[in-house]
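Engineer: Sequence and computational prediction follow.
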Amino acid sequence: MSKIAAFMIKKICAIITTYRPEFRIVESVRRLMPQVAGIIIVDDGDSEENVSRLSHWFKGFSKIKIWHQPINSGIAAALNIGIKIAKEKDYNWILTLDDDSVPDDNMVERLCVYLSRIKGLKPVGIIGMKPYINNRLTSSPERGIDLHQCLDKRGIITSGSLFSIQTYAEIGLFREEFFIDSVDYDYCMRVRAKDFRVIQVQEYGFKHSLGQIEEFKTGAFTFKSVSHSPTRLYYTFRNSTILAKEYFLIDPLYSCVVILSQFKTVMRVVLLQKNKSKKIYWELHKFMKIIFAKQLES
């Protein structure tokens, strides 16, 4: 391990947000333990069963602090409370992970090395790696550091992202009214608006699930599609539409991409997925209300 990475890791706290966690979180924590100085698990599942499970799985680990939210207040609120606790414990760096993300054994070290070597007029506000999607296995091959793998992005997902407490203090809280979806893109857009860079290293660094994969057969063809619940689709459409409106004059290309993505999602639901009527109601009906709304709905 490089001296720079070793120095940073002593001040890195991993924040894992959970909602009805499954046993695979134990594997994630096992891989994280030697990579960070501390781990804060913020449980947002609103269930006594969650409290019992997490307490049983991580009993006796002094490096781990578990915080249970009294109600299900969403991933943004969970991240904010986790960072508040980390700040009180004098950590300088934050690594955020979802409970269904499993990092490679050297992900944090490589992020630290890349962060220390990136040069430019603008400072890096947030850096992350590419996720293996769904059930693809992780691997940690020996690789050199290639700065050409560092690409500026409009946004990266929250899971697997590294940023400083100082950056967070300047950017502000994660947007709690968004609850779950587009929390990451909203934060990244605000990072860029403050003249920081959003960097994604073009290496696979952790396993991550984007949703339930369903297979659909049409004649001789088989299609795969990521399926979300109607409630999740509502937040997807509501929040991305709000961002598209807010950034239309600043970044019109982003807003156009959002609308195109929403159209593709509707087509995917109509052509491939089950429970079409309920999903389309949540998507289109709420989408139209947001288009003409003056403020967020509760």
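Structural biologist: Good, I have the coordinates.

Engineer: Helices along the stretch 101-250 of the chain, start to end?
Structural biologist: Counting by DSSP state H, counting those that start in this stretch, the stretch 101-250 of the chain has helices at residues 107-117, 165-171, 183-193, 230-246.

Engineer: starting at the chain centroid, how far to stretch 164-177?
Structural biologist: With C-alpha atoms, centre = their mean, to the nearest Å as the basis, stretch 164-177 stands 14 Å off its chain's centre.

Engineer: Ends of stretch 113-130, what's the gap?
Structural biologist: Across stretch 113-130, the terminal residues are separated by 16 Å (C-alpha to C-alpha, to the nearest Å).

Engineer: Kindly reformat the helices of the stretch 101-250 of the chain as CSV containing mean pLDDT, mean neighbour count and distance to residue 129.
Structural biologist: Glycine gets a C-beta too; all of them are placed from N, C-alpha and C. Formatted as CSV, these follow (pLDDT from 0 to 100; neighbours: other C-beta atoms under 10 Å; distance: least, C-beta to C-beta, whole Å):
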stretch, mean pLDDT, mean neighbour count, distance to residue 129
helix 107-117, 94, 21, 6
helix 165-171, 97, 16, 18
helix 183-193, 96, 21, 14
helix 230-246, 86, 20, 23
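
Engineer: could those be laid out in JSON lines, adding distance to residue 39?
Structural biologist: Below are the helices of the stretch 101-250 of the chain laid out as JSON lines (distance: least, C-beta to C-beta, whole Å):
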{"stretch": "helix 107-117", "distance to residue 39": "12"}
{"stretch": "helix 165-171", "distance to residue 39": "16"}
{"stretch": "helix 183-193", "distance to residue 39": "20"}
{"stretch": "helix 230-246", "distance to residue 39": "26"}
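
Engineer: closest one to residue 75 among these?
Structural biologist: Comparing the helices of the stretch 101-250 of the chain against residue 75 with C-beta to C-beta, the closest turns out to be helix 183-193 (5.8 Å).

Engineer: what pairs with the longest strand seen in the chain, and is each one parallel or antiparallel?
Structural biologist: Identified as the longest strand of the chain according to DSSP state E is strand 197-208. Strand 197-208 has the following strand partners under DSSP bridges: strand 102-103 (antiparallel), strand 124-133 (parallel), strand 150-152 (antiparallel).

Engineer: residues making contact with the second one?
Structural biologist: With contacts defined as C-beta atoms under 8 Å, 6 or more residues apart in numbering, strand 124-133 is touched by 101, 107, 110-111, 114-115, 118, 138, 150, 156-157, 159-163, 167, 171, 187-188, 191-192, 194, 196-210.

Engineer: quick one, that strand and helix 183-193 angle?
Structural biologist: Angle, strand 124-133 to helix 183-193, by axes from the mean of the first three to the mean of the last three C-alpha atoms, to 10 degrees: 150 degrees.

Engineer: Just want the angle from strand 124-133 to helix 107-117.
Structural biologist: Using the same axes, to 10 degrees: strand 124-133 against helix 107-117 is 140 degrees.

Engineer: distance of the closest residue to residue 57 other than its chain neighbours from residue 56?
Structural biologist: Closest residue in space to residue 57, ignoring its immediate chain neighbours: residue 26 at 5.4 Å, by C-beta to C-beta, 6 or more residues apart in numbering. Between residue 26 and residue 56 the computed distance is 10 Å (C-beta to C-beta, to the nearest Å).

Engineer: Pick out whichever of these two has more residues nearby.
Structural biologist: Using other C-beta atoms under 10 Å as the criterion, residue 26 and residue 56 rank with residue 26 on top: 14 against 8.

Engineer: is it true that the more buried one touches residue 54?
Structural biologist: No. Look at residue 26 against residue 54 with C-beta atoms under 8 Å: they stay out of range, at 9.9 Å.

Engineer: on that earlier part again, could you point out which element follows the one helix or strand the residue nearest to residue 57 maps to?
Structural biologist: Per DSSP states H and E: residue 26 is located in helix 24-32. Later in the chain than helix 24-32, the nearest helix or strand by DSSP H and E is strand 38-43.

Engineer: Which elements pack onto whatever helix or strand comes next after that next one?
Structural biologist: Moving toward the C-terminus from strand 38-43, the first helix or strand encountered (DSSP H and E) is helix 48-57. Here helix 48-57 touches strand 38-43, strand 64-68, going by 3 or more C-beta pairs under 8 Å, 6 or more residues apart in numbering; DSSP states H and E.
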